[in-house]
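S.K.: I'll drop the sequence and a predicted model, then ask my questions.
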Amino acid sequence: MIVHGGPGGSHDYFLPYPLPLARQNRLIFIEERGSGRSQKPEDSAGYTVEHTVEDVEAVRQGLVLGKITWLGHSCGSVLAQPYALKYQNNLSHLILCSTFASTAEMNQVLARVKAAPDEVREQIDREEKAGLYGHGKEYEKNRYTNDYMIAAWGGAYFPYLYQNHPDRNYDPTQTANLPWDLYREMWGSHGEFVIDGNLRSVEYVARLHTIHVPTLIIAGDHDECDPALSQEMHAKIADSQIVILPKRGHLTFVDQQGMFNDSVNTFVHLKKPKTPMATTKVD
């Protein structure tokens with residue numbers, strides 16, 4: 001079960017990178033409620049971590065899947081943790097990619113990301129001071145301004161998205177093609193560098209030790225979700241392995257498709273490693 005990030009992304013950004021995994025695995029891509037082609041709730045208050053967890057469980061039951069491997073990326077792995085805490089018996093493996101277990105800790109990371117190049121930070125500060133919503137034409141008023149998208153997603157985030165294979169076609173304003181009601185409910189309405197929406201509830205560090213499903217944690221060494229967050233999760237989850245990919249950003253499966261897929265396949269299909277893989281840094 002492959003669960004996308006966002007909040008408010010869709011399965012499309014995964015493709016075609018994990019498709020080689022289909023040679024040995026059945027892949028099921030989820031589009032979370034309100035995302036992609038999935039139905040939107042009538043009330044945006046329906047966008048919660050808890051509801052999305054139940055949605056995934058309903059899909060598992062509806063497709064009569066038995067035990068699943070959950071592979072989540074970013075926010076998709078944030079959702080994986082409460083699923084594992086509640087439905088541990090329904091998992092065979094857990095794969096947490098470029099994610100965090102504490103919104104408070106992630107907000108500290110985002111503050112550091114925002115502090116990068118002076119001219120970018122100054123533009124971000126100006127846009128946030130002027131107000132991020134309500135500008136432009138009617139259809140533009142409920143989303144970020146283009147200038148803020150370029151500063152935040154282009155200037156500040158981009159170096160943390162890719163390292164090995166930067167996307168030459170990347171356009172930060174195209175990232176705006178997401179469900180803004182969902183995004184603002186889950187992430188918050190005060191910009192890219194503080195999470196203060198419904199994701200505030202994400203504080204799982206103290207409970208991670210109760211997860212006993214075989215777990216693989218993957219991050220890039222230059223990840224938007226600082227790899228220190230992954231190291232902390234690895235330390236808390238007893239039956240876990242961790243792979244930190246060098247010269248990789250948040251989109252590890254794009255930056256190095258082969259390494260990513262090999263790590264996943266080895267983890268899922270190798271029953272008992274000859275030596276426990278505590279921390280692996282793949283060059």
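M.R.: That came in fine, so what should we check first? Numbers count the residues shown, from 1 in each chain.
S.K.: going forward, measure contacts and count neighbours with C-alpha atoms only.
M.R.: Fine.
S.K.: got the residue ranges for the helices in this protein?
M.R.: 49-62, 75-86, 103-114, 118-130, 146-149, 158-161, 180-186, 227-236, 252-255, 257-269 (DSSP state H).
S.K.: Which among these is found nearest to Arg23?
M.R.: When the helices of the chain are compared by Cα to Cα, helix 257-269 sits nearest Arg23, at 10.0 Å.
S.K.: Where does pLDDT dip in this structure?
M.R.: 271-283 (pLDDT under 70).
S.K.: okay, the helices of the chain in a markdown table with distance to His4 and mean neighbour count next?
M.R.: Below are these laid out as a markdown table (distance: least, Cα to Cα, whole Å; neighbours: other Cα atoms under 10 Å):
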| stretch | distance to His4 | mean neighbour count |
| --- | --- | --- |
| helix 49-62 | 12 | 16 |
| helix 75-86 | 5 | 22 |
| helix 103-114 | 18 | 17 |
| helix 118-130 | 27 | 15 |
| helix 146-149 | 21 | 20 |
| helix 158-161 | 15 | 21 |
| helix 180-186 | 14 | 21 |
| helix 227-236 | 18 | 19 |
| helix 252-255 | 12 | 26 |
| helix 257-269 | 16 | 16 |
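S.K.: can I see the domain layout of the chain?
M.R.: With domains defined by automatic domain parsing, the chain comprises 2-101+202-281, 105-199.
S.K.: of all the helices of the chain, which lies closest to Val202?
M.R.: Per Cα to Cα, nearest to Val202 of the helices of the chain: helix 103-114, 5.6 Å.
S.K.: now Phe253: how far from Arg121?
M.R.: With distances taken as Cα to Cα, to the nearest Å, Phe253 is found 28 Å from Arg121.
S.K.: And for Ser10?
M.R.: 29 Å.
S.K.: which ones are touching the nearest residue to Ala45 once chain neighbours are set aside?
M.R.: Taking Cα to Cα, 6 or more residues apart in numbering, and ignoring the residues beside it in sequence, Ala45 has Glu185 as its nearest neighbour in space, at 7.0 Å. By Cα atoms under 8 Å, 6 or more residues apart in numbering, the residues touching Glu185 are 44-45, 47, 197-198.
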